[in-house]
Every structure is written in C-alpha cells, then in structure tokens.
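**Student:** the following block contains a protein sequence and its predicted model.
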Amino acid sequence: MSLPAGGRSVAQLLADLADAGPVCTPEDDVLFFEPDYETPRERAYRVRAAKALCRSCPALESCRAYALATHTTHGVWAALTASELRELRTGNQPREVA
Ligand code: SF4
C-alpha cells in the first residue's frame, strides 16, 4: 500500500486532523455536504458558509492534506469544494484557495 501526503498514512493524516482541533461537528454536515436537491443560489450560500467556517479552523492544513490524500469526491473540505480539490490534486490552481 502506498502512503499519500509525504509518507503519512491516511490513518496518520486523520489523527493529525483530529489533533489540530477541527471546529466543525457532525451537525455541520448540512453545510459541508450537498442535499438531494438545492438551487444554485442555495448551493452558493451553503458553500460560502462552509468555507467561512473552514477559514476559522485550526485544522485547515491537516484537513486539506487528508482530503487530498483520500481523493474525496463530494463535500467541502478545508475551504475547497471537491472539484477545487481535484484541480489542486492535478496541479491546477483553483480559483479560490483559502
Ligand atoms: S477545515 Fe473545514 S472541513 Fe476541515 S476540519 Fe476544519 S471546519 Fe471541518
């Protein structure tokens, strides 16, 4: 098994994230993960609110390392959407990076 993110395993990256003191809780999932249906305007508001919470989070860097290593395909992680994380992973600079 290969190790992502500077030789650290996914389990180590997750432990780093937990140790860094994330500010989000499971109750915040309504901000971070898209519901079955939302309008573009609702999505924009939800994503903006999620990113704002991330920008106040001391675990942002650890969260980003974990999200990049696990190739997450949905949600907002470390102030980036899954598509923005994909751009970052492929070497493209997302339009908006915290
Ligand atoms: S950066 Fe955002 S998604 Fe990651 S732990 Fe912090 S608040 Fe949660």
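**Tutor:** The structure has been received and is ready for your questions. Worth saying up front: this structure is predicted, and the values here are computed from it rather than measured.

**Student:** list the contacts of stretch 31-48.
**Tutor:** 24, 30, 49-50, 53, 74-77, 81 (C-beta atoms under 8 Å, 6 or more residues apart in numbering). Any C-beta I mention is one placed from the backbone N, CA and C, and that applies to glycine too.

**Student:** what's residue 23 in contact with, if anything?
**Tutor:** 53, 56-59.

**Student:** so which strand or helix has it?
**Tutor:** If you go by DSSP states H and E, residue 23 is not part of any helix or strand.

**Student:** flag every residue of the chain that's near the ligand.
**Tutor:** Residues of the chain lying near the ligand by C-beta under 6 Å from any ligand atom: 22-24, 32, 53-54, 57, 59-60, 63, 77-78.

**Student:** again, only this time at 5 Å
**Tutor:** Neighbours of the ligand within the chain, by C-beta under 5 Å from any ligand atom: 22-24, 53-54, 57, 59-60, 63, 78.
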